[in-house]
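Chemist: could you work out the structure for the sequence below:
(one chain, ligands or ions: 1)
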Amino acid sequence: MAIGLSPMRFLPRLKDRLLDIIYPPICQSCGTMGFWLCDTCLMTVEEAVLTPEAPEGINGVISCFAYSDPKVRTLTASYKYRSARAFEAAQVTLLTHWVQQNSLPLWAFSESAILIPILSPESRIATRGINHTLRLAQTIKQSFGLPSPIVTLLGRLEHDKHNAELEHEERAQNVAQTFCLLSAVPKHVILIDDVLTTGATLAEAARVLREGGAEQVYAITFARG
Ligand SMILES: [Zn+2]
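Modeler: A predicted model of the protein is given here:
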């Protein structure tokens, strides 16, 4: 299923405008009024190490920002705030700046690749009313100017708990057998996720995709723990 612009995007934006009037944005880092993350704080967001080790089964990975920076944690937890869209403009600004400073590898621009967001478990999507990883994939595609379409090819089975609720060692077990394929897999895929921590989620996604026929599996994450 390819993702396009929804004709209903206008209404959520109107709702956001009204909420901005009732609850004016405040910088979540320094308290400046008028922004969810002000320009001064955006300029000091910490970048991740440039050549991180790729998880098992992943040919190459790009992680842009350091999860140890509290501002990055705020940006990747935007669904906790009153609007999941509150931080998208800040994400676009940061990613656009990042790609100007750090050129992307050639694999990111492969026209035969597809971008696959690591979707949240269905129960989480229902709780948030939004799939933040799908929106992040759209933000990354826009900011980096990637040619590939976004395809929700990896489904997620119901039984797994959210990794954030688990201890470190429980995460690898939790992600085992949590993905299913929703359509045919092309040879070249690029996974999109918000945070790379242990790499267990990306490794399991890569395993399922390779079983389905993928030969080159890459990943882009907004942050790295
Ligand atoms: Zn600030």
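
Chemist: rounded mean pLDDT for stretch 97-104, please.
Modeler: What stretch 97-104 shows for mean pLDDT is 92.

Chemist: do stretch 210-222 as well
Modeler: pLDDT averaged over stretch 210-222 gives 97.

Chemist: what's in contact with it?
Modeler: Residues outside stretch 210-222 that contact it (Cβ atoms under 8 Å, 6 or more residues apart in numbering) are 54-55, 57-65, 72, 75-76, 91, 95, 107-108, 113, 136, 140, 144, 181, 184-196, 202, 205-206, 209. All C-beta spots, glycine's among them, are computed from the backbone N, C-alpha and C.

Chemist: can you say which of those residues are buried?
Modeler: Buried subset of the contacts of stretch 210-222 (neighbour count, 16 or more other Cβ atoms under 10 Å): 54-55, 57-65, 72, 75-76, 91, 95, 108, 113, 136, 140, 144, 185-186, 188-196, 202, 205-206, 209.

Chemist: now, which of the contacts of stretch 210-222 lie within helices?
Modeler: Cross-referencing the contacts of stretch 210-222 against helices under DSSP state H gives 72, 75-76, 91, 95, 136, 140, 144, 202, 205-206, 209.

Chemist: contact partners for residue 64?
Modeler: Shown in contact with residue 64 (Cβ under 8 Å, 6+ apart): 47-48, 94-95, 98, 102, 220-223.

Chemist: interface residues of this structure facing the ion?
Modeler: Residues of the chain lying near the ion by Cβ under 5 Å from the ion: 27, 29-30, 32, 38, 41.

Chemist: tabulate these (CSV), appending pLDDT.
Modeler: Shown next, in CSV, are the residues of the chain next to the ion (pLDDT from 0 to 100):
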residue, pLDDT
27, 90
29, 90
30, 94
32, 92
38, 90
41, 93
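
Chemist: any chance of JSON lines for those, columns secondary structure?
Modeler: What follows is those, written out as JSON lines (DSSP: H, G, I helix; E, B strand; the rest coil):
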{"residue": "27", "secondary structure": "coil"}
{"residue": "29", "secondary structure": "coil"}
{"residue": "30", "secondary structure": "coil"}
{"residue": "32", "secondary structure": "coil"}
{"residue": "38", "secondary structure": "coil"}
{"residue": "41", "secondary structure": "helix"}
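
Chemist: what are the boundaries of the strands in this structure?
Modeler: For the chain, applying DSSP state E gives strands covering 60-66, 114-117, 154-156, 179-181, 188-196, 216-224.

Chemist: mean pLDDT lowest where, among the ones you listed?
Modeler: The bottom spot among the strands of the chain, by mean pLDDT, belongs to strand 154-156, with a mean of 88.

Chemist: weed out the non-buried ones from the residues of the chain next to the ion.
Modeler: Neighbour-count burial (16+ other Cβ under 10 Å) applied to the residues of the chain next to the ion gives 27, 29, 38, 41.

Chemist: how close does the last one sit to residue 70?
Modeler: Residue 41 is 10 Å from residue 70, where distance means Cβ to Cβ, to the nearest Å.

Chemist: could you do the second one as well?
Modeler: In this view, residue 29 and residue 70 are 7 Å apart by Cβ to Cβ.

Chemist: can you count the residues close to residue 69?
Modeler: 17 (other Cβ atoms under 10 Å).

Chemist: in contact with the closest residue to it other than its chain neighbours, which residues?
Modeler: Among residues not flanking residue 69 along the chain, residue 46 sits closest, at 4.0 Å (Cβ to Cβ, 6 or more residues apart in numbering). Applying Cβ under 8 Å, 6+ apart to residue 46 gives the contacts 65-66, 68-69, 71-72.
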